[in-house]
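Asker: Pasted the sequence and its predicted model underneath.
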Amino acid sequence: MAHFGYSRDSKLDHFLVNKLSPDEFERLRAYESAIMDEKGTLRYVVLSDRALYTIDVPPRAIKLKLPFEKIVSINYEKAVPKFLGGIDKANCQHVKIGFAETSLVNNSKLRKNLSMKDFIKKRPGKKNADLNETLPTEVTVNESLAQNILKFPSEGTIKQEEKVIEYLHVYVRSKTSFFYANFLSAWNSFILRESLKSNQIQESDQHSMYRPDRIQSLFYQLIDDIKESSNDVFEFYHYLTELRVAAKRNFVVKRLFWRSGDFPHFLVSQMSRFIVSSTVDLRHPMSSESRSDELELGCLLLATFSEMLSESEMIPDRVKLLQADEFTLARKLIRICACMPAMPASFKLPVKFRDVPLPCVWSQTRQSDPDESVTASNELLQQFYLLQSASHSLLFELITVSLQANWAAPNSKFTVNWMICNLETLSNDIQPFISRLIFQLMAVVDIRLNKPLTSVETVWVFRCFGLVNSLVEYSEKLAKFVRDEFSEEFRYFLKPDVLGTRLDFTNALSTNLITQMSNSQKLVFKKS
């Protein structure tokens with residue numbers, strides 16, 4: 001467990017190791033000393049990926065304070081209460097958490113609107129030299145929406161049909177703490193996980209009972225199996241699936257992955273082998289079926305790397321590896337995400353977005369066996385778009401990491417400016433990549449489909465709009481390209497009132513996606 005610049009407390013670490021299972025301990029994101037009442041009682045607040053806990057000082061028992069499914073909002077408040085004085089008042093970070101005793105996970109209308117910036121929020125109130133701007137010091141609930149739905153008063157407790165929204169105040173005793181940023185990131189990641197819950201591999205929500213040393217032994221055996229099977233597409237797929245499921249079930253697998261020497265480089269080399277290039281003779285007229293198998297493996301390779309990046313900001317080794325040797329690994333990943341995969345000469349992309357075969361968003365659960373009436377060329381086209389969707393998700397994770405990099409690796413050079421500059425240098429790839437992304441977005445959000453987006457599609461669309469927003473916001477060159485080429489798409493199709501008819505508002509992410517699309521409108525049509 002890394003604590004993002006926090007002072008380590010050996011007694012507290014020892015207490016947590018003894019009180020928690022190995023998997024629970026690995027999933028802890030941070031802890032910090034804080035005051036939570038007017039009496040000035042000092043406690044530890046402990047953050048996991050599912051809940052906020054408190055521990056008395058000195059440590060005696062760990063108490064579940066607030067599970068994430070009850071949280072409605074997380075705000076950074078400028079106001080400091082009068083009962084704090086001296087050094088506590090000078091160094092305080094005031095975090096205000098709105099929560100309801102009735103779970104609101106599936107009522108997205110009550111949840112805080114989420115933007116790409118919120119998802120990767122940095123420490124509040126500090127100057128970001130890369131973006132040359134001061135980051136916001138407060139994240140607020142969408143008050144106008146809240147007023148309409150529950151007639152929210154501006155202050156205090158909110159009551160509606162026996163539901164009560166209350167506030168928990170945490171006064172973190174450190175001006176340099178990343179606790180608020182980490183809390184916000186953990187909660188937003190929880191929303192994404194809940195949105196995908198119905199599509200999870202059944203075993204992925206079960207926590208392994210293996211001890212860390214046993215997991216480590218199994219992990220290294222598995223990567224040996226993966227390397228040895230890399231010449232057999234189907235066997236390689238099988239072992240790679242085992243790795244991805246293991247990473248979901250055991251957080252320690254992600255930590256081992258980023259410390260596994262050349263294994264991340266090996267996976268990237270396999271991406272190049274099966275995505276950028278091909279082991280199939282693409283000139284052969286019957287190559288489509290074999291190439292489809294390779295692209296399916298490519299999807300899994302991209303998704304596995306995305307999984308290792310996701311929610312691993314407490315692992316400093318990931319940034320160290322990404323930027324090692326002049327960013328060799330990061331450069332290769334960016335190039336693979338943006339490239340046009342090697343395809344047979346007969347392969348043609350559709351001219352109309354409504355000709356994109358659906359589903360075209362990759363899911364971690366394998367698709368059912370294809371209809372025998374589907375031609376090899378149509379299957380290849382669908383697999384191409386599934387691969388593209390996996391690329392979009394991986395690039396989203398990389399941009400997220402670039403904006404979180406300083407949390408676990410102070411003075412990191414892996415910044416969003418570095419990411420955008422490297423994307424801009426891919427002059428032959430990046431503009432076609434953006435064109436394909438928007439074309440695919442048009443196909444998925446097409447209002448004529450007359451059915452709600454699936455949870456997998458909702459998360460993918462959210463990530464795609466976040467990706468487009470980042471490219472437009474941080475790159476003048478790419479912003480100009482999007483505005484010149486796709487203004488009509490954003491004006492008439494890729495906008496909230498169009499997509500809103502196809503969103504399932506029992507999905508926690510739906511309202512947040514509407515906000516993400518509204519941000520796109522502002523960025524694309526921003527006046528110079």
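Answerer: Noted; the coordinates are in hand.
Asker: which residue sits closest to F347, ignoring its sequence neighbours?
Answerer: L380 (6.6 Å; CB to CB, 6 or more residues apart in numbering). For the C-beta atoms, the positions are set from N, CA and C on the backbone; glycine is no exception.
Asker: I'd say the one you found and S292 touch.
Answerer: Yes. Using CB atoms under 8 Å, L380 is in contact with S292, at 4.8 Å.
Asker: right, and the helix or strand after the helix or strand harbouring D293?
Answerer: Here D293 sits within helix 288-309, counting by DSSP states H and E. From helix 288-309 onward toward the C-terminus, using DSSP H and E, the following helix or strand is helix 316-338.
Asker: What segments of the stretch 101-250 of the chain are strands?
Answerer: In the stretch 101-250 of the chain, the strands defined using DSSP state E, counting those that start in this stretch lie at 127-128, 133-134, 158-160, 163-172.
Asker: so for the third one, what's the average pLDDT?
Answerer: Meaning strand 158-160. For strand 158-160, mean pLDDT is 38.
Asker: Equivalent analysis for stretch 244-254, please.
Answerer: 90.
Asker: Dump it to PDB, restricted to CA.
Answerer: Output in PDB follows, covering the C-alpha atoms of stretch 244-254 (Å, rounded to 0.1, in the frame of the first residue of the first chain):
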ATOM      1  CA  ARG A 244      -7.200 -10.800 -16.200                       C
ATOM      2  CA  VAL A 245      -9.600 -12.600 -13.900                       C
ATOM      3  CA  ALA A 246      -6.900 -13.000 -11.300                       C
ATOM      4  CA  ALA A 247      -6.100  -9.300 -11.400                       C
ATOM      5  CA  LYS A 248      -9.800  -8.600 -10.700                       C
ATOM      6  CA  ARG A 249     -10.000 -11.000  -7.800                       C
ATOM      7  CA  ASN A 250      -6.600 -10.200  -6.200                       C
ATOM      8  CA  PHE A 251      -5.300  -6.600  -6.200                       C
ATOM      9  CA  VAL A 252      -1.800  -8.000  -5.300                       C
ATOM     10  CA  VAL A 253      -1.700  -9.400  -8.900                       C
ATOM     11  CA  LYS A 254      -1.600  -5.800 -10.200                       C
END
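Asker: Please name every helix or strand in contact with the helix of greatest length in the chain.
Answerer: Longest helix in the chain, counting residues (DSSP state H): helix 376-408. Using 3 or more CB pairs under 8 Å, 6 or more residues apart in numbering; DSSP states H and E, the elements in contact with helix 376-408 are helix 179-195, helix 288-309, helix 316-338, helix 416-425, helix 430-445, helix 455-474.
Asker: Any stretches of this structure with poor pLDDT?
Answerer: Judged by pLDDT under 70, the chain has its weakly predicted residues at 1-7, 102-163, 198-210, 364-374, 406-410, 528.
Asker: Can you report phi and psi for K348?
Answerer: phi -130, psi 130 (degrees, to the nearest 10).
Asker: cool, and L66?
Answerer: According to degrees, to the nearest 10, L66 has phi -160, psi 110.
Asker: so it touches F99, yeah?
Answerer: Yes. Using CB under 8 Å, L66 makes contact with F99 at a distance of 5.8 Å.
Asker: Which residues are in contact with each of the two?
Answerer: L168 (CB atoms under 8 Å, 6 or more residues apart in numbering).
Asker: higher neighbour count, those two?
Answerer: Taking other CB atoms under 10 Å, L66 and F99 do not tie; F99 has more neighbours (22 against 16).
Asker: Would it be right to say that L16 lies in a helix?
Answerer: Yes. Under DSSP: H, G, I helix; E, B strand; the rest coil, L16 falls within a helix.
Asker: Next up, the contacts around the nearest residue to L358 once chain neighbours are set aside.
Answerer: Sequence neighbours aside, A443 is the residue nearest to L358 in space, at 7.1 Å (criterion: CB to CB, 6+ apart). The neighbours of A443, taking CB under 8 Å, 6+ apart as the test, are F353, R354, V356, L358, C360, Y385.
Asker: what about V164, how many neighbours?
Answerer: By other CB under 10 Å, 12 other residues sit near V164.
Asker: same check, this time on F462
Answerer: By the measure other CB under 10 Å, the count of residues near F462 is 25.
Asker: separation between it and A345?
Answerer: Using CB to CB, to the nearest Å, F462 is found at 36 Å from A345.
Asker: before we move on, back to that, okay, the residue nearest to L358 and F486: tell me how far apart.
Answerer: Noted for A443: a distance of 14 Å to F486, by CB to CB.
Asker: For F99, which three-state class applies?
Answerer: F99 is classified as strand under three-state DSSP.
Asker: Ignoring the adjacent residues along the chain, who's closest to it?
Answerer: Excluding its sequence neighbours, the residue lying closest to F99 (CB to CB, 6+ apart) is K70, at 4.6 Å.
Asker: count of neighbours near the one you found?
Answerer: Neighbour tally, K70, other CB under 10 Å: 18.
Asker: That one contacts G98, correct?
Answerer: No. Taking contacts as CB under 8 Å, K70 lies outside contact range of G98: 9.5 Å.
Asker: just to revisit the earlier point, output the helix holding D293 in CSV with nothing but the alpha carbons.
Answerer: Taking Å, rounded to 0.1, in the frame of the first residue of the first chain, the C-alpha atoms of helix 288-309 are listed here in CSV:
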residue,chain,number,x,y,z
SER,A,288,-10.2,-13.2,-42.7
GLU,A,289,-11.2,-16.0,-40.2
SER,A,290,-7.7,-16.4,-38.9
ARG,A,291,-7.2,-12.6,-38.6
SER,A,292,-10.5,-12.4,-36.7
ASP,A,293,-9.0,-14.8,-34.1
GLU,A,294,-5.9,-12.7,-33.8
LEU,A,295,-7.9,-9.5,-33.3
GLU,A,296,-10.0,-11.2,-30.6
LEU,A,297,-6.7,-12.0,-28.8
GLY,A,298,-5.6,-8.4,-29.4
CYS,A,299,-8.8,-7.2,-27.6
LEU,A,300,-7.9,-9.3,-24.6
LEU,A,301,-4.3,-8.1,-24.6
LEU,A,302,-5.4,-4.4,-24.6
ALA,A,303,-8.1,-5.1,-22.0
THR,A,304,-5.6,-6.9,-19.7
PHE,A,305,-3.3,-4.0,-19.8
SER,A,306,-6.2,-1.6,-19.1
GLU,A,307,-7.1,-3.8,-16.1
MET,A,308,-3.5,-3.5,-14.7
LEU,A,309,-3.7,0.3,-15.1
